[in-house]
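K.L.:
Sequence unavailable; structure follows:
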Ligand code: HEM
């Protein structure tokens, strides 16, 4: 059973690094860029700073997924996905899928190109889109963290 305890510790560490980073970007870096940089420089500054985090986030998202599926396999907990009372398990996997898609597919292949296309014409709109999409991701992730901790301790929401 100690392997499950270590997998859980690794899972929580990975989630803390990953969602903590999303909080930092949303609540500190984006408002600071808005406050200190003139509109024309905001997007390139954001891409430079966020690019450093997204490399690290790829590692923590991967570790969170591996440790999570390992725990499900060891606990033989696949049946939970058929029970709506375990909706927080579905929420974890959905948040993980969303970030995996963003970090490994959308961001490198689509988002940066799209943002650069609109940067010159609509830089303020682009920054609004970036800020609001980060707020949404943070809200969904934080709700999932709360639901998972409550759910793991056997309280039904
Ligand atoms: C593929 C994705 C994921 C899988 C398969 C997964 C699976 C699991 C499993 C099996 C547990 C332990 C449940 C138990 O002991 O009964 C767990 C705990 C937890 N997970 Fe996930 N998870 C995933 C992604 C996430 C994400 C994205 C978050 C946060 C947004 C998250 C946050 C947590 C938290 C906070 C706990 C509770 C830790 C504790 O209180 O001990 N997980 N996860």
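P.N.:
Looks like it came in fine. On a predicted model such as this, the values are computed, not experimentally measured, just so you know.

K.L.:
Any residues of the chain in contact with the ligand? List them.
P.N.:
By CB under 6 Å from any ligand atom, the residues of the chain that approach the ligand are 8, 11-12, 15, 19, 64-65, 68-69, 71-72, 77, 92-93, 95-96, 141, 144-145, 148-149, 152. Where C-beta positions appear, they are placed from N, C-alpha and C, glycine not excepted.

K.L.:
Let's see that with 5 Å instead.
P.N.:
Contact residues, the chain versus the ligand (CB under 5 Å from any ligand atom): 15, 65, 68-69, 71-72, 92-93, 95-96, 141, 144-145, 148-149, 152.

K.L.:
Point out where the chain drops to low pLDDT.
P.N.:
For the chain, applying pLDDT under 70 flags the ranges 118-121, 157.

K.L.:
Smallest distance to the ligand belongs to which residue of it?
P.N.:
Residue nearest to the ligand within the chain (CB to the nearest ligand atom): residue 68, separated by 2.4 Å.

K.L.:
do you know how far the spatially closest residue to that residue that is not a sequence neighbour is from residue 63?
P.N.:
Nearest residue to residue 68, sequence neighbours excluded (CB to CB, 6 or more residues apart in numbering): residue 11, at 5.7 Å. As for residue 11, its distance to residue 63 is 8 Å (criterion: CB to CB, to the nearest Å).

K.L.:
Please compare those two by neighbour count and tell me which comes out ahead.
P.N.:
A direct count of neighbours by other CB atoms under 10 Å for residue 11 and residue 63 places residue 11 higher, at 20 against 17.

K.L.:
Is the more buried one within a helix or a strand, and which one?
P.N.:
For residue 11, the host element (DSSP states H and E) is helix 2-24.

K.L.:
ok, and what's touching that helix?
P.N.:
With CB atoms under 8 Å, 6 or more residues apart in numbering as the test, helix 2-24 has contacts from 53, 56-57, 60-61, 63-64, 67-68, 70-71, 74-75, 99, 134, 137-138, 141-142, 145.

K.L.:
List buried residues within those.
P.N.:
Buried positions within the contacts of helix 2-24, assessed by neighbour count (16 or more other CB atoms under 10 Å), are 53, 57, 60-61, 63-64, 67-68, 70-71, 99, 134, 137-138, 141, 145.

K.L.:
Alright, I will stop here.
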